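1. Predicted coordinates and the sequence they were generated for:
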Amino acid sequence: MTNKLHSNDVCWCGSGRKYKRCHKKPDDIRAVGRVLPGRVSPVRPVPDSIPRPPYLQDDRQGVPSSRDGYEIHDAAGRDRMRVVGRAAAEVLAEAAAHVAPGVTTDEIDAIVHQACIARRGYPSPLGYAPSGATPYPKSVCTSVNEVICHGIPDDRPLEDGDIVNLDVTLFLEGYHGDTNATFAVGSVDAASTALMRVTRECLDLGIDQVRPGAPVRAIGQAIQDHAHQQGMSVVRAFVGHGVGRQFHAAPTVFHYPEPRSTDVMEPGMTFTIEPMIALGTGQHLLWPDGWTAVTADQKRTAQYEHTLLVTDDGVEVLTAAPA
Ligand code: MF3
Ligand code: CO
Ligand code: CO
């Protein structure tokens with residue numbers, strides 16, 4: 001059966017625009033510069049000897065659910081979080097070293113997959129299916145240009161001038177570590193350079209708010225203030241989160257001042273801050289794959305993420321880049 005869209009049909013992506021003005025492949029794709037869905041390779045196997053995270057096990061006994069309050073780590077738990085945080089940062093650095101024009105995001109997936117296994121860890125995204133979603137099919141998220149987050153690695157080669165976010169989550173000895181960063185492919189335009197700088201600053205300003213007794217809401221206030229001051233917007237639909245024995249847990253870390261957020265930071269809490277900042281609108285559309293989120297105006301967006309530990313007197317960045 002063929003089911004081809006005609007030029008004047010409404011585009012499949014949900015934008016409401018005509019296909020010819022949206023995702024129809026132009027003769028010169030680079031003149032338009034939109035990211036198009038590519039071919040996704042078969043699932044990469046993980047050796048049976050590597051322990052799976054709870055959401056891939058039949059027996060979930062003893063693992064807290066997202067309905068529970070947040071997890072407070074004792075000294076042993078904090079050490080486990082330090083170990084997985086450092087490992088996740090190493091995997092991200094290894095993947096980043098392969099970013100170059102002509103390299104496909106699927107090749108980056110293969111690097112991340114192997115790097116996780118080499119550390120006896122499981123790539124947390126692989127098979128992850130929160131409440132009824134289609135299981136995520138790859139080991140890393142690769143989000144190019146207007147892709148906000150959760151881009152699925154495929155056969156699209158990175159192009160000179162692209163920006164690409166690599167989001168690595170590793171499950172090691174019962175704990176998850178989650179970190180991401182955005183990288184320039186070759187030489188990028190000035191607006192993209194500014195976007196990446198401001199987004200990194202937003203993460204740093206968020207981290208500056210972390211200490212025992214501080215409201216989680218202060219993080220989002222600091223991030224939004226800086227983004228708006230720079231004429232950029234905050235993507236509100238995706239948030240930071242508690243991370244530990246669970247991939248996604250309480251508290252929810254909004255990247256804007258959300259009045260309903262009443263959580264207060266406590267020593268032993270671990271959570272991510274992962275602002276997504278956009279040059280244009282912060283509104284998003286979802287591709288039909290159910291995962292890939294793009295900006296509604298197809299302008300570029302960047303993201304940086306760290307896993308943080310609230311210590312007795314401040315903060316530890318568990319996923320700091322290896323020296
Ligand atoms: N690592 C992402 C985060 O920061 C979550 C990715 S879920 C996936 O929360 F299934 F898309 F991998
Ligand atoms: Co995260
Ligand atoms: Co992440």
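-> On my side now, so go ahead. What you see is a predicted model, and the numbers here were worked out from it, not measured in a lab. Ligands and ions are numbered 1, 2, ... in the order given.
2. Would you confirm that Val91 belongs to a helix?
-> Yes - using DSSP: H, G, I helix; E, B strand; the rest coil, the assignment for Val91 is a helix.
3. do you know how far it is from ligand 3?
-> Distance, Val91 to ligand 3, using C-beta to the ion, to the nearest Å: 12 Å. (Each C-beta comes from the backbone N, C-alpha and C, glycine too.)
4. what's the closest non-adjacent residue to that residue?
-> Leaving aside its sequence neighbours, Val91 sits nearest to Ala115 (C-beta to C-beta, 6 or more residues apart in numbering; 4.4 Å).
5. need the next SSE after the helix or strand encompassing the one you found, C-terminal direction.
-> Counting by DSSP states H and E, the element that carries Ala115 is helix 105-118. Where DSSP H and E defines the elements, the next helix or strand beyond helix 105-118 is strand 122-123.
6. Does anything pack onto that following strand? Which helices or strands?
-> In terms of contacts (3 or more C-beta pairs under 8 Å, 6 or more residues apart in numbering; DSSP states H and E), strand 122-123 is packed against helix 105-118, strand 163-172.
7. So which of those has the densest surroundings on average?
-> Comparing the helices and strands packed on strand 122-123 by mean neighbour count (mean count of other C-beta atoms under 10 Å), strand 163-172 comes out on top with a mean of 27.
8. Report whether the next helix or strand after it contacts ligand 3.
-> Per DSSP H and E, the first helix or strand lying C-terminal to strand 163-172 is strand 175-184. Yes - against ligand 3, strand 175-184 shows contacts by C-beta under 5 Å from the ion at 178, 180.
9. CA atoms of stretch 72-80 as CSV?
-> Output of stretch 72-80 as CSV, limited to C-alpha atoms (Å, rounded to 0.1, in the frame of the first residue of the first chain):
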residue,chain,number,x,y,z
ILE,A,72,17.7,10.1,50.7
HIS,A,73,21.1,8.3,50.2
ASP,A,74,23.2,7.2,53.2
ALA,A,75,27.0,7.2,52.9
ALA,A,76,27.0,4.0,50.9
GLY,A,77,24.3,5.2,48.5
ARG,A,78,26.2,8.5,48.0
ASP,A,79,29.3,6.5,47.1
ARG,A,80,27.4,4.4,44.5
